[in-house]
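Enquirer: Generate coordinates for the sequence data below:
(4 chains)
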There are 2 protein chains.
Amino acid sequence: MRARQLEVFIAVMRAGTVTAAARMLNISQPALSQILLHTEDELGFALFERVKGRLRPTPDALEIFPDAERLSAGLDGLRRKTTDLRLGRTGLVRVAASPPPAMAILPRAFTKFRAQHPNILLRSHSAPIATIVDMLRTGDASLGVAMDDRLPPDIEAEVIGSVGFACLLPAGHALQRKTELTLADLAREELISYHGNTRPADELALAARAQGVKLSPSLEIDVSISAIGFVQAGLGIALVDALLPWQQFAGLAVRPLAAGPEFPVALLTSRTRALSRADEMMRDEIRAACYAILGEHRARP
Amino acid sequence: MRARQLEVFIAVMRAGTVTAAARMLNISQPALSQILLHTEDELGFALFERVKGRLRPTPDALEIFPDAERLSAGLDGLRRKTTDLRLGRTGLVRVAASPPPAMAILPRAFTKFRAQHPNILLRSHSAPIATIVDMLRTGDASLGVAMDDRLPPDIEAEVIGSVGFACLLPAGHALQRKTELTLADLAREELISYHGNTRPADELALAARAQGVKLSPSLEIDVSISAIGFVQAGLGIALVDALLPWQQFAGLAVRPLAAGPEFPVALLTSRTRALSRADEMMRDEIRAACYAILGEHRARP
DNA sequence: CCAGAGTCATAAGTTGTACCTATGGAGTAG
DNA sequence: CTACTCCATAGGTACAACTTATGACTCTGG
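Expert: Numbers count the residues shown, from 1 in each chain, chains lettered A, B, ... in the order given. Purely as a prediction, here's the structure:
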């Protein structure tokens, strides 16, 4: 099985039809059809049953699909790695992070790192946690920073700090007079917060129940940074992580949430991939930057 | 990077020289040299430094070597798996069958199959017909064997034989002197047979009416094998399928029922699911085993 | 029941990869 | 200097991977 045959097989399995798979791979339908037929001929057994002009995977195809996917992803990762090597000959450190740490922690860590290692190329990816895990697995990133420490077993999560919640008030809101807010203060407010079935939403609900408060989020978001626009528009008070540098944004006031739950800040690495020396140095800088920034939070919240 | 380029790179890394690597891969030295040069050209950076006519790996080559080795090993593994699948050396065959064929046909079919394909995992489920149909639909089994050919339209039933009824007499019963029994012989006996509204019960009643005989089952069972205990306890004569190897059980005498109805023996598959190659081979073995066993029945009933 | 949109397969032709054999240049060792 | 080893180049063949054009089949909506 050649690499191309692997790609074609996977595309057809994912797309369901030859035509759609050909579109995915940006080649013509007959080209893909030929490769598929030739692959089956070489393998000696059918990968798909042709029934009423459609394709249906055979059990044999289902059997090898997971391996094929893993291998193809590995090949893609290697291709990306080689192009990275071509471009940044002296080295490349890729960090994938959720938006809050990407905006709060990485700028400082990258600044320190760049000062010490000026010719190492740095790359930052801001992505949701699932993508970060995927990038670590394929080698598209070697370090990750996220606000969750419950991760698959092949990902190592080192908790390097924790941060509470912040309340974002529209400019001029009455609650702005208090230096910190409690869940009880928010009971009758219009709330903007993480949508249900996510970890922060669960923890907020849990804390509210424990304090005998009933919260009623009326606007749900998936990433905290998207709250900014809604708060500026006066749609309500946002309950989000306290890590993002909210002070930088105009039109809103930030107040810490007292006695609320905490987010862990975790440094992620793949257990199946070794770190380069540059990666290790970056890891140290991220640890230090996180420590420093959380210290500033506590000093001047 | 194509798969072949990966193999060539690894061979050169391991062998140290182009010539030795070409020998390892059983190709000519110029062929391998070409592939290597072309690979470097495509990658955009050198994998080897040419110094004094010899090759020395560059740091970049060392960087990607572990990934390349892992991927190449994975590809080899997939190739081995596919050839195993083609030859039917690997896989899992799950057969769901009613108790009579499960005990009479599957042992022989599995024995033959195992002799030819020792590494294929076999799994047998003994279940009532409704469960068999369910398992075929969900993919929990790919083959079914039952004693009924009237099945839902999404289940294909191939009749591979038919078998009559057998009478199980308690040891020492008066009728034991006859070599075969008729429905008339059973008219005034205590009978153990399938409970009403099942196909065998209906067919028995139909045949009895056609022959002007009135049967009076006094004990109803759902699966034929459960008759054994009742017969051994002297509760009556059982009228059951002749397929199960009743001779194996002590304390009862077996006599064929003459001029009685017949059970079809059907091989079941789902019309919406394809068979793996291993499944197909097992299907052939089941057909053969059924043919052989029914032949033995006719020869020595 | 037919027209149109979708499916997959086939045909014919182009390009480039992966091989081959034959040969040349360059370093090393006797 | 010669013989040996190494790698690269030249020229040619077979096949894999594409292209466009086309046909056969199935489902669906008027």
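Enquirer: Identify each of the helices in chain A and give its residue range.
Expert: Assigned by DSSP state H, chain A shows helices spanning A:3-15, A:18-25, A:29-43, A:59-87, A:99-104, A:106-116, A:129-138, A:199-210, A:227-232, A:277-299.
Enquirer: of all these, which lies closest to B:V133?
Expert: When those are ranked by proximity to B:V133, the top entry is helix A:59-87, at 18.7 Å, counting by C-beta to C-beta. Glycine gets a C-beta too; all of them are placed from N, C-alpha and C.
Enquirer: helices and strands around the closest one, which ones?
Expert: helix A:3-15, strand A:92-97, helix A:129-138, helix B:29-43, helix B:59-87 (3 or more C-beta pairs under 8 Å, 6 or more residues apart in numbering or on different chains; DSSP states H and E).
Enquirer: follow-up on the earlier one: tell me the most buried of the helices of chain A?
Expert: For the helices of chain A, the largest average neighbour count (mean count of other C-beta atoms under 10 Å in any protein chain shown) is found in helix A:99-104, namely a mean of 22.
Enquirer: Which positions in chain A make contact with DNA strand C?
Expert: Proximity of chain A to DNA strand C is assessed by C-beta under 7 Å from any atom of the strand, with A:17-20, A:29-30, A:33-34, A:36-37, A:50, A:53-55 identified as the residues in range.
Enquirer: want to try CSV for the helices and strands packed on helix A:59-87, with mean pLDDT and distance to A:V254 as columns?
Expert: As requested, those are arranged in CSV below (pLDDT from 0 to 100; distance: least, C-beta to C-beta, whole Å):
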stretch, mean pLDDT, distance to A:V254
helix A:3-15, 90, 44
strand A:92-97, 88, 21
helix A:129-138, 86, 24
helix B:29-43, 89, 49
helix B:59-87, 85, 44
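Enquirer: Of all pairs in the residues of chain A next to DNA strand C, which one spans the longest distance?
Expert: Taking every pair in the residues of chain A next to DNA strand C and measuring C-beta to C-beta, the maximum separation is 18.3 Å, between A:Q34 and A:R54.
Enquirer: Quick check: beta-bridge partners of A:E49?
Expert: Beta bridges link A:E49 to A:R56, judged by DSSP bridges.
Enquirer: my guess is it contacts A:L55, does it?
Expert: Yes - counting by C-beta atoms under 8 Å, A:L55 is a contact partner of A:E49 at 7.2 Å.
Enquirer: Tell me which of the two has more neighbours.
Expert: When A:E49 and A:L55 are compared on other C-beta atoms under 10 Å in any protein chain shown, the one with more neighbours turns out to be A:L55, at 19 against 14.
Enquirer: OK, contacts around that one?
Expert: Residues near A:L55 by C-beta atoms under 8 Å, 6 or more residues apart in numbering or on different chains: A:12, A:16-18, A:48-49.
Enquirer: Then A:C290?
Expert: With contact set as C-beta under 8 Å, 6+ apart, A:C290 has these partners: A:101, A:105, A:145, A:160-161, A:265, A:267.
Enquirer: hang on, the earlier thing: so which of the helices and strands packed on helix A:59-87 gets nearest A:L169?
Expert: strand A:92-97 (26.7 Å).
Enquirer: Leaving out chain neighbours, which residue sits closest to A:A171?
Expert: Distances taken as C-beta to C-beta, 6 or more residues apart in numbering or on different chains place A:G251 nearest to A:A171, at 5.2 Å, with adjacent residues excluded.
Enquirer: My read is that A:D76 contacts A:T138, right?
Expert: Yes - between A:D76 and A:T138 there is a contact under C-beta under 8 Å: 6.8 Å.
Enquirer: Is there a neighbour count for the residue nearest to A:V254 when sequence neighbours are not counted? I'd like the number.
Expert: The shortest distance from A:V254 to any residue other than its chain neighbours is 4.5 Å, reached at A:W246 (C-beta to C-beta, 6+ apart). Per other C-beta under 10 Å, the neighbour tally for A:W246 reads 24.
Enquirer: ok, so what distance separates A:W246 from A:V265?
Expert: Applying C-beta to C-beta, to the nearest Å, one obtains 16 Å for the distance of A:W246 from A:V265.
Enquirer: Then A:L121?
Expert: Remark: distance between A:L121 and A:V265 (C-beta to C-beta) = 25 Å.
Enquirer: related to what we said a few turns ago, can you give me the neighbour number for the residue nearest to A:A171?
Expert: Using other C-beta under 10 Å, A:G251 is surrounded by 14 other residues.
Enquirer: do you know how far the residue nearest to A:V254 is from A:A20?
Expert: Distance from A:W246 to A:A20, by C-beta to C-beta: 43 Å.
Enquirer: what sits against the most centrally placed residue in chain A?
Expert: Nearest residue to the geometric centre of chain A (C-alpha atoms, centre = their mean): A:P128, 2.3 Å. Contacts for A:P128 (C-beta under 8 Å, 6+ apart) come out as A:98, A:222-223.
Enquirer: Let's see the lowest-mean-pLDDT helix or strand in chain A as CSV, backbone CA atoms only.
Expert: Counting by mean pLDDT, DSSP states H and E, chain A has its least confident helix or strand at strand A:217-221, which shows a mean of 82. The C-alpha atoms that make up strand A:217-221 are tabulated as CSV, following Å, rounded to 0.1, in the frame of the first residue of the first chain:
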residue,chain,number,x,y,z
PRO,A,217,-26.8,32.6,32.1
SER,A,218,-28.7,34.1,29.3
LEU,A,219,-25.9,34.1,26.7
GLU,A,220,-23.5,31.2,26.2
ILE,A,221,-20.1,31.4,24.7
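Enquirer: who has more neighbours, A:L121 and A:V265?
Expert: Just comparing A:L121 and A:V265: by other C-beta under 10 Å the higher neighbour count belongs to A:V265, 28 against 15.
Enquirer: My read is that that one contacts A:A242, right?
Expert: No - with contact defined as C-beta under 8 Å, A:V265 and A:A242 do not form a contacting pair (11.0 Å).
Enquirer: what's the distance between A:G44 and B:A3?
Expert: Using C-beta to C-beta, one obtains 19 Å as the distance from A:G44 to B:A3.
Enquirer: sorry, back to before: and the residue nearest to A:V254, what pLDDT?
Expert: Looking at A:W246, its pLDDT stands at 90.
Enquirer: can you pull the contacts of it?
Expert: With contacts defined as C-beta under 8 Å, 6+ apart, the neighbours of A:W246 are A:166, A:168, A:228, A:240, A:252, A:254.
Enquirer: which of those residues lies closest to DNA strand D?
Expert: For DNA strand D, the nearest member of the contacts of A:W246 is A:I228. The distance, counting by C-beta to the nearest atom of the strand, is 43.7 Å.
Enquirer: Quick check: chain neighbours aside, which residue is closest to the closest one?
Expert: Using C-beta to C-beta, 6+ apart and skipping the chain neighbours, the partner closest in space to A:I228 is A:F249 (5.3 Å).
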